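Q: Next come a sequence and a model predicted from it.
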Amino acid sequence: MSQRVLITAGAGGIGRVMAQSFDAEGAKVWAVDNNADALAQCPDHWRKSCLDVTDESSVSSLFEELVTEWGSVDTLCSNAGIAGPGNPIEDVALADWRACVSVSLEGAFLFAKYAAPLMKAQRSGAIIVTSSTAGIFGFANRSPYVAAKWGVIGLTKTLAIELGPFNIRANAICPGPVEGERMTFVAQRESEHKGKTTEEILEEYASGASMRKLISPQDVADMAVFLASDKASLVSGQVIAVDGHTENPEPRS
């Protein structure tokens with residue numbers, strides 16, 4: 001794969017596995033993250049930038065550097081997001097709402113804003129946005145996260161319509177519950193309210209899917225690599241669940 005791939009939240013979790021997967025396919029990788037220590041642990045041959053995806057000045061400067069180093073970008077993976085609070089709507093602080101929506105939705109907007117002119121100029125490109133099954137079904141006590149992930153689906157569909165005439169594709173991946181540190185954190189927080197163990201909460205999340213499994217970061221990364229490839233040359237505007245077929249997003253008593 002002879003591509004230049006820019007990945008936000010590329011130093012950890014799903015983003016790190018995406019970056020590793022693209023790297024394994026022969027692509028050039030540029031990982032963006034706000035965690036300098038995590039970026040320092042990424043391979044030396046990756047390009048790496050530590051910044052806040054919601055800060056337009058930083059994003060603009062990044063793209064200036066990218067043009068100098070790479071000339072353009074072929075694939076953008078907008079993967080940055082935060083879990084947000086797990087509270088009933090009346091207990092959600094406005095600051096927490098804004099933080100959650102800003103990272104996922106505004107971050108995806110800003111990176112698309114600056115990637116689009118480059119992709120238009122070369123009349124090719126792929127934009128892949130990480131949403132969530134929560135952005136399809138909704139989820140009680142996760143209103144900021146759901147709103148953000150629902151919003152990026154709308155953004156992705158609009159990008160597909162707007163940029164399609166320039167041979168630019170845009171798709172959203174909606175993972176189910178993904179095993180890893182963030183999912184464990186969410187389960188631990190929920191276990192405190194439910195009076196159950198973290199393991200019981202994780203089993204309940206897995207039980208919401210027909211295949212009774214949590215999703216691995218590699219499952220999501222494999223879909224991203226496919227969507228960036230020529231094999232997906234006519235796949236655009238799609239909302240693709242990688243979730244083991246969610247039957248019930250909240251299978252808990």
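A: Looks like it arrived, so ask away.
Q: my read: residue 208 touches residue 215, true?
A: No - contact between residue 208 and residue 215 fails when scored by CB atoms under 8 Å: they sit 11.4 Å apart. From N, CA and C alone the C-beta is placed, and that goes for glycine too.
Q: Pick out whichever of the two has more residues nearby.
A: residue 215 (24 against 21; other CB atoms under 10 Å).
Q: give the contact list for that one.
A: The contact partners of residue 215, taken as CB atoms under 8 Å, 6 or more residues apart in numbering, are 175-179, 242-244.
Q: buried subset of the residues you listed?
A: Those of these that meet the buried threshold are 175-179, 242-244, by 16 or more other CB atoms under 10 Å.
Q: Show me those that map onto strands.
A: Among the buried ones among the contacts of residue 215, DSSP state E puts 175, 242 in strands.
Q: Give the residues shared as contacts by residue 208 and residue 215.
A: 176-177.
Q: the strands in the stretch 51-200 of the chain, which residues?
A: 75-78, 125-130, 168-175 (DSSP state E, counting those that start in this stretch).
Q: Just name the most buried of these.
A: Mean neighbour count (mean count of other CB atoms under 10 Å) peaks for strand 75-78 among the strands of the stretch 51-200 of the chain, with a mean of 30.
Q: Can I get it in CSV, CA atoms only?
A: C-alpha atoms of strand 75-78 as CSV (Å, rounded to 0.1, in the frame of the first residue of the first chain):
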residue,chain,number,x,y,z
THR,A,75,-6.0,8.7,3.9
LEU,A,76,-7.2,10.5,7.0
CYS,A,77,-8.3,8.4,10.0
SER,A,78,-10.1,10.6,12.5
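Q: Pull the contacting residues for the closest residue to residue 96 other than its chain neighbours.
A: With sequence-adjacent residues excluded and distances taken as CB to CB, 6 or more residues apart in numbering, residue 96 is closest to residue 85, at 4.6 Å. Listed by CB under 8 Å, 6+ apart, the contact set of residue 85 reads 91-93, 96, 100, 144.
Q: How about the backbone phi and psi for residue 85?
A: phi -70, psi 160 (degrees, to the nearest 10).
Q: For this structure, give me the ranges with low pLDDT.
A: Scanning the chain with the threshold set as pLDDT under 70 gives 193-194, 206-207, 247-253.
Q: So for stretch 192-199, what gets flagged as buried?
A: Here stretch 192-199 shows 196, 198 as buried, counting by 16+ other CB under 10 Å.
Q: Tell me which stretches of the stretch 101-250 of the chain form helices.
A: With helices called from DSSP state H, counting those that start in this stretch, the stretch 101-250 of the chain shows them at 107-122, 134-137, 143-163, 181-194, 198-207, 217-228.
Q: wait, which of those is closest to residue 38?
A: Nearest to residue 38, of all these, is helix 181-194, at 11.3 Å by CB to CB.
Q: what packs against the closest one?
A: helix 198-207 (3 or more CB pairs under 8 Å, 6 or more residues apart in numbering; DSSP states H and E).
Q: Distance from the helix it packs on to the middle of the chain?
A: 22 Å (CA atoms, centre = their mean, to the nearest Å).
Q: Run me through the strand neighbours of the helix or strand hosting residue 31, direction for each.
A: Element membership for residue 31 (DSSP states H and E) is strand 28-33. Its sheet considered, strand 28-33 pairs with strand 4-8 (parallel), strand 47-50 (parallel) by DSSP bridges.
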